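Q: kindly return the folded structure for what I paste below:
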Amino acid sequence: MDGGDAEGGWQHRLVTEGEWAGWSLYGEDPFEDLTGPFYYRRDEAGALICGFKAEKKHMNGGGFMHGGCMMTFADYALFIFAMDAPEGAGAVTASFNGEFVDAAREGEIVEARGEVVRGGASLIFVRGLMTSGGRPIFNFSAILKRIRFKQK
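A: Numbers count the residues shown, from 1 in each chain. A predicted model of the protein is given here:
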């Protein structure tokens, strides 16, 4: 991986080899690093897409992807989709909604696509759809609150 560029205060790292070559990782988020790894890239049309491979650590006791993992990945994806929102300040999740539609299974590639519905001066409205094996598994939306990071 190379050092990438610094967009929105995060250090983006391009993956240069392996299954996820051509995808990027961003920043250092201890929880997402432990839960993922999660990746993103732009598709042929320039839209952002997020992805990861469902592993045993992502499964619940029934052998399906844990709902908490789906929500964590969705929250990650919301911020990736919001990267292109105007006014590149930082943000936090103020409100999150999701509907579990189906389950992912171990070994499947999970993807999320979405969009910024509206980006205002203080709020960003974002929505997305998570799929696995071509079928929808989680529908989600959120309101992100712009913040200014305090200088240390």
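
Q: contacts, neighbours, all on C-alpha from now
A: OK.

Q: gap between the two ends of stretch 98-112?
A: Stretch 98-112 has its terminal residues 13 Å apart, counting by Cα to Cα, to the nearest Å.

Q: give me the buried stretch members for that stretch, please.
A: 98, 103-105, 109-112 (16 or more other Cα atoms under 10 Å).

Q: turn these into a markdown table, columns for pLDDT, distance to Ile147 and secondary structure.
A: As requested, these are exported to a markdown table (pLDDT from 0 to 100; distance: Cα to Cα, whole Å; DSSP: H, G, I helix; E, B strand; the rest coil):
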| residue | pLDDT | distance to Ile147 | secondary structure |
| --- | --- | --- | --- |
| Gly98 | 97 | 23 | strand |
| Ala103 | 94 | 34 | coil |
| Ala104 | 96 | 34 | coil |
| Arg105 | 96 | 36 | strand |
| Ile109 | 97 | 33 | strand |
| Val110 | 98 | 30 | strand |
| Glu111 | 98 | 28 | strand |
| Ala112 | 98 | 25 | strand |
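
Q: out of these, who's nearest Phe138?
A: Gly98 (6.8 Å; Cα to Cα).

Q: tell me what the residue lying closest to that closest one once chain neighbours are set aside is bridged to.
A: The shortest distance from Gly98 to any non-neighbouring residue, by Cα to Cα, 6 or more residues apart in numbering, is to Phe140 (4.2 Å). Phe140 forms beta bridges with Gly98, Gly128, as assigned by DSSP bridges.
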